[in-house]
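S.K.: my questions are about this predicted structure, shown below with the sequence.
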Amino acid sequence: MREPVELRRQRILAVVRSRGAVKVSVLAAELDVSVVTVRRDVEELARAGRLRRGHGVARPVGTVEEVTVPAARAEEPGRDGGPVALVVPERHSYLYEAAYGARPVLEEAGLRIALHIAPQAPGAERPLVEAALAAGARGLLIAPRWRGAASEAADYGWLSEVAVPVVLMERRPRPGSALHALDSVCSDHWYGTYLAVDHLVALGHRRIVLAARDDSPTARSVRRAFAEIAAARPEVEDWSVVLSSPDAVPGPADDDGTRLGDAPRDRTPLDLAALLAGRRATAAVLHGDVDALMLVQRLADQGIRVPRDCSVVAYDDVVAALGGTPLTAVSPPKAEVGRAAAELLLYRLARPLGAAGPVRRIELLPTLKVRGSTQLAASLPASGPTPAEN
C-alpha cells in the first residue's frame, strides 16, 4: 500500500529536525521514493513554513543549521542573500583543489559561489574583492598570491577593513600585522617538511638537498622549516637550500628585499646533478610538483636515475604521482583546507553582524604518500650520485 502523503511528509520533517540540513537525494533513498517526489514534498512543506529548502537541501526552521540570512537582516550590506566570493590566483592547481573542497560545503548550505581568478599582477586581488562586494557578496574566502613580503604587506590595510566575514586559505599573516586576528585555515607546512626529512633519514640518507621555490607563503614556510629541521637532526651530516627554478622568486614589485631562506636568489637554472655530486647528497626534497618532475627529468638526462642514484620527495602532491617514476610526496590536505574554511565562514555568517567571538586559526596536518622515488640509502654509492659519462 502506498504511504499517505501526509505521513511521508511527517517523516521528512522528523529527519530534518533531528539531523539539521539533509540532502533531498538522501531523503529519497531513506524513504524509498523518487527524488522528484521528495522535492515536491519539500517544496510544499517550505511553502507552509514547516521547513526551509536550498539547492537540493532541506533544513529545519529557526535552528542553528539555518545559515542563510534572515529577512530581518536583509538590508545589511553584504548579507542580503548574495554569493560567497572565492578568490584564488590563476594557474594555481594547489589552491583550485582547496576551492573544490569549499564548494560542496557552501552549496549544501544553500549559498551560491562566485569564483574570481586573480591574475599574476601585484595587487590583483583588491579590485576583484571590491567588485564582488559591490555586487552583494556576503562573505569572502581568499588565498592572496603574496609572492613576496612587500605584496603581502600591501594587502594588510584594505583586507583588514573588508565589511563582510573573511577567511584566509593557506595563508598565515605575519605576527602582529593587521591581519593577525583574521580567521584562517592552513596546512602545517612545518610538519609536512618534517615528514619528508624524517622519511629520508629513516631510509639512511644523511646528506639532503632542498630545491624549493621562494615565491609563495607555502614555499617560504617549507624553506624555513627545512633549514630548522635539518639543522636540528644529528643524523643529517650535510644539507643545503637552493632554488628549484630561476623563475621561482618574487619580482621587484613583490619583494622588499627581506631574506626568506639561506640561499642567494640566483636566476641561473639549477644543475641539480652537479649539486648532488658536489655535496655528495643522496636525497632531495623538491617543491613544488611541476618543478620536481622537471628536475627529475633533468637528472635522468644526465644519467642519474631516481631512486637508484638519488631518492626524491616532492612537496605538494598535485601531479607528483603522474611522473614516469611516481614521486613520494608530502600531501597537504588541500581540499580539507577549503572545506574547513567554508565551514568557518558559515559559522561567521550564522552569527549576528558584528557579534564578538574568538578568532579561529586552524592548522591541518599533511600526510606523506610513499611511492617509487625513495629507497634505502645503503643501496646507493657511498660518494653519492655521479652523472654518467657521455
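M.R.: That came through fine. Residues are numbered from 1 along each chain as shown.
S.K.: average pLDDT for stretch 37-45?
M.R.: Summarised as a single mean, pLDDT over stretch 37-45 is 88.
S.K.: residues in contact with that stretch?
M.R.: Identification of contacts with stretch 37-45 by CB atoms under 8 Å, 6 or more residues apart in numbering yields 5, 8, 9, 12, 13, 24, 27, 28, 31, 51, 53, 58. In short, each C-beta sits where N, CA and C put it, glycine included.
S.K.: return the subset of the residues you listed lying in strands.
M.R.: Secondary structure defined by DSSP state E assigns 53, 58 of the contacts of stretch 37-45 to strands.
S.K.: pipe the contacts of stretch 37-45 into a markdown table and attach neighbour count per row.
M.R.: Shown next, in a markdown table, are those (neighbours: other CB atoms under 10 Å):
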| residue | neighbour count |
| --- | --- |
| 5 | 12 |
| 8 | 17 |
| 9 | 20 |
| 12 | 23 |
| 13 | 18 |
| 24 | 21 |
| 27 | 23 |
| 28 | 18 |
| 31 | 16 |
| 51 | 21 |
| 53 | 18 |
| 58 | 27 |
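S.K.: send the alpha carbons of stretch 103-118 over as PDB?
M.R.: Extracted C-alpha coordinates of stretch 103-118, given in PDB (Å, rounded to 0.1, in the frame of the first residue of the first chain):
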ATOM      1  CA  ARG A 103      32.200  24.400  -2.900                       C
ATOM      2  CA  PRO A 104      30.100  21.400  -1.700                       C
ATOM      3  CA  VAL A 105      30.000  22.800   1.900                       C
ATOM      4  CA  LEU A 106      28.700  26.200   0.700                       C
ATOM      5  CA  GLU A 107      26.300  24.700  -1.800                       C
ATOM      6  CA  GLU A 108      24.900  22.300   0.700                       C
ATOM      7  CA  ALA A 109      24.100  25.300   2.900                       C
ATOM      8  CA  GLY A 110      22.200  26.900   0.100                       C
ATOM      9  CA  LEU A 111      24.800  29.500  -0.800                       C
ATOM     10  CA  ARG A 112      26.000  30.500  -4.200                       C
ATOM     11  CA  ILE A 113      29.700  30.700  -5.000                       C
ATOM     12  CA  ALA A 114      31.200  33.400  -7.200                       C
ATOM     13  CA  LEU A 115      34.700  32.300  -8.200                       C
ATOM     14  CA  HIS A 116      37.200  35.000  -9.000                       C
ATOM     15  CA  ILE A 117      40.600  34.200 -10.500                       C
ATOM     16  CA  ALA A 118      43.300  36.800  -9.700                       C
END
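S.K.: pLDDT at residue 123, what is it?
M.R.: pLDDT, residue 123: 86.
S.K.: from residue 335, how far off is it?
M.R.: Distance, residue 123 to residue 335, by CB to CB, to the nearest Å: 28 Å.
S.K.: pretty sure residue 185 contacts residue 167?
M.R.: Yes - using CB atoms under 8 Å, residue 185 is in contact with residue 167, at 6.6 Å.
S.K.: what is in contact with these two at once?
M.R.: 341, 344.
S.K.: helices of the stretch 1-150 of the chain, start to end?
M.R.: Under the criterion DSSP state H, counting those that start in this stretch, the stretch 1-150 of the chain contains helices at 5-19, 24-31, 35-47, 93-108, 125-134, 149-160.
S.K.: tell me the pLDDT of residue 21.
M.R.: For residue 21, pLDDT reads 79.
S.K.: does the nearest residue to it once chain neighbours are set aside have beta-bridge partners, and which?
M.R.: Spatial nearest neighbour of residue 21, chain neighbours left out: residue 59 (4.1 Å); criterion: CB to CB, 6 or more residues apart in numbering. Counting by DSSP bridges, residue 59 forms beta bridges with residue 52.
S.K.: how about the contacts made by residue 59?
M.R.: Applying CB under 8 Å, 6+ apart to residue 59 gives the contacts 16, 20, 21, 22, 51, 52, 53, 65, 66, 110.
S.K.: nice, that's everything, thank you.
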